[in-house]
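J.: based on what follows, work out the 3D shape:
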Amino acid sequence: NIVTNSNGTRSFVNLNSGKDLDITGAGTADGTNVEIWTGNGGAAQQWTLVAVGSPTPTPATGFNVWTARGNNARSASYTSESLLKTSNVNTSTFGLKFMLAADDQVYTSPLFVSGVNGINTVYFASTNNTVYAYNADTGALVWSKNFNNGFRPFNRSDAAGFGACGGGYADALGNMGIMGTPVIDTASNTLYVVMKTVENATYPQRLHALDLVTGNEKLGGPKLVGGSVAGTGDGGTTVNFNSKLANQRTGLALVNGVVYFGESSYCDYGQYHGWIMGFNATSLAQVGAWNASPNNSAVGIWQGGQA
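T.: You can find the predicted model right below:
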């Protein structure tokens with residue numbers, strides 16, 4: 001039996017004895033013997049699978065749900081379906097296989113990529129700024145990563161505290177670190193996601209680019225979300241992006257090498273604006289910041305998790 005560990009390694013467990021495949025004496029030299037030993041979770045019983053002749057992961061192929069509702073048209077349709085039919089989608093053959101654990105609420109839609117390092121993988125994120133990758137066939141955890149980095153996610157109390165809904169903000173419960181569905185570039189095995197934290201009375205948003213295989217940061221990320229436009233909407237001649245008031249709720253979109261996402265508000269509080277941000281998918285350089293109300297305010301781009 002192959003077991004996926006929390007750090008992404010595998011353990012090989014004998015079905016008869018229940019014992020693990022183990023490196024004798026935790027040796028590291030060429031030619032060290034292997035043996036069956038009582039499972040202890042040690043490094044000598046953790047294995048990494050490497051495809052022979054393919055030292056780097058190849059881009060995923062096959063059917064993928066790489067963005068919210070499956071495509072940039074947000075149609076949620078798959079017109080080439082060949083396996084699911086009215087004859088086999090019924091209560092006796094179609095139903096719950098397993099449930100996947102998360103450390104907080106999940107507002108994002110799950111995404112799916114086939115054959116990631118040989119594993120069909122489902123990805124989603126929690127409001128505690130944790131991203132998960134699970135084996136879509138077995139339900140085993142491939143990896144999970146939290147990105148609070150010693151701080152904490154933005155939460156409902158923060159929004160209520162600065163006056164949203166008159167101090168009674170209730171559009172979300174608890175943490176609100178990741179609210180928008182990520183987007184995946186299957187050609188480069190990269191997942192893009194926006195997270196919001198609270199850091200010493202500041203409320204930064206950051207765009208992260210994560211490796212699909214490991215969950216590690218890539219492309220020099222994360223990058224702060226910001227921007228400014230000319231306009232009189234805030235009483236001067238320039239309108240600056242206010243990450244404290246901005247709610248990144250839309251699903252991210254990937255179009256022609258640019259990652260796009262929208263910004264709205266918390267309960268229409270304060271001098272807020274609707275923004276569309278654009279970042280180069282290869283360099284993570286910010287390439288655009290469009291404001292929907294440069295000479296006014298109270299315009300948000302919401303779209304309930306879509307883009």
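J.: so how far is the biggest strand by length in the chain from its chain's centroid?
T.: Secondary structure of the chain per DSSP state E: the longest strand is strand 190-198. Per C-alpha atoms, centre = their mean, to the nearest Å, the displacement of strand 190-198 from the mean C-alpha position of its chain is 7 Å.
J.: from residue 266, how far off is the closest residue to residue 40 other than its chain neighbours?
T.: In space, and not counting its chain neighbours, residue 40 is closest to residue 20: 7.7 Å by C-beta to C-beta, 6 or more residues apart in numbering. All C-beta spots, glycine's among them, are computed from the backbone N, C-alpha and C. From residue 20 across to residue 266, the span is 49 Å (C-beta to C-beta, to the nearest Å).
J.: please apply the same query to residue 15.
T.: Residue 15 is 53 Å from residue 266, where distance means C-beta to C-beta.
J.: between these two, which is the more surrounded one?
T.: residue 266 (26 against 6; other C-beta atoms under 10 Å).
J.: report the buried residues of the helix or strand bottoming out on mean pLDDT in the chain.
T.: Every helix and strand of the chain was ranked by mean pLDDT, DSSP states H and E. The lowest is strand 2-4, at a mean of 74. Across strand 2-4, burial judged by 16 or more other C-beta atoms under 10 Å covers residue 4.
J.: apart from its chain neighbours, what residue comes closest to residue 63?
T.: Per C-beta to C-beta, 6+ apart, closest to residue 63 is residue 114, 6.0 Å.
J.: A strand includes the one you found, no?
T.: Yes - counting by DSSP: H, G, I helix; E, B strand; the rest coil, one finds residue 114 located in a strand.
J.: so it sits against residue 137, correct?
T.: No - with contacts counted by C-beta atoms under 8 Å, residue 114 stays clear of residue 137, the gap being 10.2 Å.
J.: shared neighbours of the two, anything?
T.: The contact sets of residue 114 and residue 137 overlap at residue 120 (C-beta atoms under 8 Å, 6 or more residues apart in numbering).
J.: neighbour count winner among the two?
T.: For residue 114 versus residue 137, the count of surrounding residues by other C-beta under 10 Å is larger for residue 114: 15 against 12.
J.: distance check, that one against residue 219.
T.: Distance from residue 114 to residue 219, by C-beta to C-beta: 23 Å.
J.: and residue 147, how many neighbours does it have?
T.: If you count neighbours by other C-beta under 10 Å, residue 147 ends up with 22.
J.: ok, now which ones touch it?
T.: 129, 130, 131, 195, 208, 222.
J.: go with 7 Å
T.: 129, 195, 208 (C-beta atoms under 7 Å, 6 or more residues apart in numbering).
J.: and the strands in the stretch 201-307 of the chain?
T.: Assigned by DSSP state E, counting those that start in this stretch, the strands in the stretch 201-307 of the chain fall at 205-211, 223-224, 228-230, 238-240, 253-255, 258-263, 275-280, 286-291.
J.: residue contacts, the residue nearest to residue 40?
T.: Residue 20 touches 11, 12, 13, 37, 39, 45, counting by C-beta under 7 Å, 6+ apart.
J.: let me know the closest of the residues you listed to residue 301.
T.: residue 11 (45.9 Å; C-beta to C-beta).
J.: list only buried entries from the contacts of residue 20.
T.: In the contacts of residue 20, burial by neighbour count holds for 11, 12, 13, 37, 45, counting by 16+ other C-beta under 10 Å.
J.: quick revisit: identify the bridge partners of the residue nearest to residue 40.
T.: Following DSSP bridges, residue 20 is listed with bridge partners residue 13, residue 37.
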